[in-house]
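Undergrad: everything below, folded, please.
(chains A and B)
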Amino acid sequence: MTTLTISPDQDSAELSRFVAGIPLAEIDVSRPSLFQSDKIGAFFERLRREDPVHYCAESSYGPYWSITRYDDIMAVDTNHKVYSSEAKLGGIAIQDMHRDQSNLELEMFIAMDQPKHDAQRKAVTPAVAPSNLLLLEPVIRERAGAILDALPVGEEIDWVKCVSVELTTMTLATLFDFPWDERARLTRWSDVTTAIPGAGIVDSFEQRRAELIECAMYFKGLWDQRIDQPEGNDLISMMANSPATRDMPFLEFLGNLLLLIVGGNDTTRNSISGGVLALNRHPDQYDKLRRDPAVISSMVPEIIRWQTPLTHMRRTALEDSEIGGKRIAKGDKVVMWYLSGNRDETAIDRPEEFIIDRKNPRQHLSFGYGIHRCMGNRLAELQLRIIWEEIQKRFDFVEVVGEPERLLSNLVRGITRLPVKLHAH
Amino acid sequence: MIKVTFVAHDGRKLRVEIGEGLTAREAALFNDVPGIDGDCGGQCACATCHVQVDPAWIDLVGRLADDSMEADLLQFAEGTTAESRLACQIRLDARLDGLVLHVPEQQY
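TA: Predicted coordinates:
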């Protein structure tokens, strides 16, 4: 394997030349450092052009296929009868779910195939159904306004900590009807769930395990209070009272909770931060937004495309198959790189640009396609629309005043710190 | 040209015309019919072009086939009825001239 040294100040032409010099067979796009340094795009660009269905024989995660073009990704994602999400086969991320001895063997409906997947998913979807979102909208708007009103104008603040984390955690606490003063625990459990031991959040798998069990016990307490009570609109009451979910084994109970916590937390958090960054990098688009706040409705899906909060989803082939002329063998690990598909010029016009009034802005891969398509997509869009409407009422410019810091992860495309200064109208 | 009437949730009617051979999704999107998003580009992959076919037309359009991708997707949508279909799967030919489709309150 070639050892890569990529400096943060390398310009894009230099990076492209460097990437072009690597033998194709040695390209491994799974290394988390490539995402943390935000250099991954040049690697995907080369794969899309030269080897869109790419086999990597050696990586920290074992051998895997990379699917990097939009149409091929959709073909895999909608073929859930051949490409399995089952946890016992490895699950939905490049990192196998049940292979680490000291890890918890969590079960969650995102990592299940039909028919079990369908029954469990249906039990919780009412929480994010349009009718429930109509009830949530004024609550989220009030909270978003309160968060923004409390921010100092003209001083450097961390947007991630002050806004993105706050808003998504509040929304999640509302969905679970979680004790309000304890809601920071949700953020912690979400971070712990996706953490690689040693990368700053937890020190070991044992610590991770202990914290997740603590999470389960806390929720068990809420569950016991709500089971057999008249059904509430919150996610815990729904799960406690649905035949598909009320008798779940412990690891399935914990797994589904964590799925909802991570799904509602990490993703929208990073889209809220990513939107600020994108507008700062495209000042002409910020001007467009200032002139016409109505453009927010198409800016929201464009932010979600541009950020692509989850870089990939993974499947396992249940039988021999073919994608883009390559033969995928039964048992192979197939990774759909949504981040790459969302930059595919054959599917999206000028994909590297952030265009807030783009035609067909909703046609992006960030939510996935098919039966596993993001369940909370409408809630994510609602939160983004509200926060930007409320920002525009208050501030002329959310100015990025330093380099963003990014998460060391090949799954969550996270911004961990974004220094900004607010300018009032 | 095929005439299609979309009935919005509040009862408003939108009459549009579309070339034969295209789908009801295109009829809605090309004419800015509100409430039909069609996120996936018409690939039967996202369930954001859910419509309820008017009962008078459902047999001509055809009912949802069991064990199809369309049925897999629609099971998660809100407000589905026995006449629910995805607009991207309704191909418009001369038989369907005058078709009436109801748009749900919101797409999932």
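
Undergrad: and the nearest residue to B:E17 once chain neighbours are set aside, what is it in contact with?
TA: The spatial neighbour of B:E17 that comes closest, neighbours along the chain excluded (C-beta to C-beta, 6 or more residues apart in numbering or on different chains), is B:M1 at 4.4 Å. All C-beta atoms are positioned from the backbone trio N, CA, C, and that covers glycine. Neighbouring residues of B:M1 by C-beta atoms under 8 Å, 6 or more residues apart in numbering or on different chains: B:17-20.

Undergrad: any of these buried? List them.
TA: Neighbour counting over those (16 or more other C-beta atoms under 10 Å in any protein chain shown) leaves B:I18 as the buried ones.

Undergrad: could you dump the contacts of B:M1 to JSON lines with pLDDT?
TA: Shown next, in JSON lines, are the contacts of B:M1 (pLDDT from 0 to 100):
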{"residue": "B:E17", "pLDDT": "96"}
{"residue": "B:I18", "pLDDT": "96"}
{"residue": "B:G19", "pLDDT": "95"}
{"residue": "B:E20", "pLDDT": "96"}
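
Undergrad: buried residues in stretch A:403-418?
TA: Under the neighbour-count criterion of 16+ other C-beta under 10 Å, stretch A:403-418 has A:404, A:406-416, A:418 buried.

Undergrad: and stretch A:53-68, by the same measure?
TA: Under 16+ other C-beta under 10 Å, the buried positions of stretch A:53-68 are A:53-54, A:56, A:61, A:64-68.

Undergrad: and the strands in chain B, which stretches?
TA: Secondary structure of chain B (DSSP state E): strands at B:2-7, B:13-18, B:50-53, B:84-86, B:99-102.

Undergrad: what's the local residue count around A:R17?
TA: By the measure other C-beta atoms under 10 Å in any protein chain shown, the count of residues near A:R17 is 11.

Undergrad: ugh, typo on my part, it should be A:G324
TA: Residues lying near A:G324 (other C-beta under 10 Å) number 16.

Undergrad: how near is it to B:G42?
TA: As judged by C-beta to C-beta, to the nearest Å, A:G324 and B:G42 stand 21 Å apart.

Undergrad: so who does residue 44 touch?
TA: No chain was given, so I picked chain A. Contact analysis of A:F44 by C-beta under 8 Å, 6+ apart lists A:29, A:68, A:337, A:339-340, A:343.

Undergrad: if you could check chain B rather than the one you did, that'd help
TA: For B:C44, counting by C-beta under 8 Å, 6+ apart, the contacting residues are A:78, B:69-70, B:73, B:86, B:88-89.

Undergrad: counting by contacts, list what the helix or strand harbouring A:M74 packs against.
TA: Assigned by DSSP states H and E, A:M74 falls within helix A:70-77. Applying 3 or more C-beta pairs under 8 Å, 6 or more residues apart in numbering or on different chains; DSSP states H and E, one finds that helix A:70-77 contacts strand A:321-323, strand A:333-337, helix A:338-341.

Undergrad: hey, what's the angle from that helix to strand A:333-337? Just curious.
TA: Interaxial angle of helix A:70-77 relative to strand A:333-337 (axes from the mean of the first three to the mean of the last three C-alpha atoms, to 10 degrees): 130 degrees.

Undergrad: go through helix A:70-77 and flag the buried ones.
TA: Residues A:70, A:72-77 are the ones in helix A:70-77 that count as buried (16+ other C-beta under 10 Å).

Undergrad: before we move on, the earlier item: looking at pLDDT only, which of the buried residues of stretch A:53-68 scores worst?
TA: Among these, A:Y61 has the lowest pLDDT, at 95.

Undergrad: tell me the pLDDT of the residue nearest to the spatial centre of chain B.
TA: Centroid check for chain B by C-alpha atoms, centre = their mean gives B:A87 as the closest residue, at 2.9 Å. B:A87 is assigned a pLDDT of 97 by the prediction.

Undergrad: okay but it is in contact with B:R25, surely?
TA: Yes. Using C-beta atoms under 8 Å, B:A87 makes contact with B:R25 at a distance of 4.1 Å.

Undergrad: common neighbours of the two, please.
TA: Joint contacts of B:A87 and B:R25 (C-beta under 8 Å, 6+ apart) are B:36, B:38, B:49.

Undergrad: can you pick the most crowded of the residues you listed?
TA: Within the shared contacts of B:A87 and B:R25, neighbour counts (other C-beta under 10 Å) peak at B:C49, which reaches 27 neighbours.

Undergrad: mind checking how far that one is from B:L14?
TA: According to C-beta to C-beta, B:C49 stands 15 Å off from B:L14.

Undergrad: closest to A:V295 among the contacts of B:M1?
TA: Minimum distance to A:V295 across the contacts of B:M1 is 27.6 Å, recorded for B:I18 (C-beta to C-beta).

Undergrad: from A:I27, how far off is A:A329?
TA: 20 Å.

Undergrad: the two: which has the busier surroundings?
TA: Between A:A329 and A:I27, counting by other C-beta under 10 Å, A:I27 is the more crowded of the two (18 against 10).

Undergrad: hmm, who's touching the helix or strand of chain B with the lowest mean pLDDT?
TA: Lowest on mean pLDDT, DSSP states H and E among the helices and strands of chain B sits helix B:69-74, with a mean of 94. With C-beta under 8 Å, 6+ apart as the test, helix B:69-74 has contacts from A:78, A:80, A:114, A:118, A:370-371, A:373, B:44-47, B:50, B:64-65, B:80, B:84-86, B:89.

Undergrad: who in chain B is up against chain A?
TA: B:37-41, B:43-48, B:69, B:72-73, B:75-76, B:78, B:105-108 (C-beta under 8 Å from any C-beta of the partner chain).

Undergrad: identify the residues contacting A:I92.
TA: A:I92 makes contact with A:85, A:110-111, A:313-315, A:372, according to C-beta under 8 Å, 6+ apart.

Undergrad: how does it look with 7 Å?
TA: By C-beta atoms under 7 Å, 6 or more residues apart in numbering or on different chains, A:I92 lies in contact with A:85, A:110-111, A:313-314.
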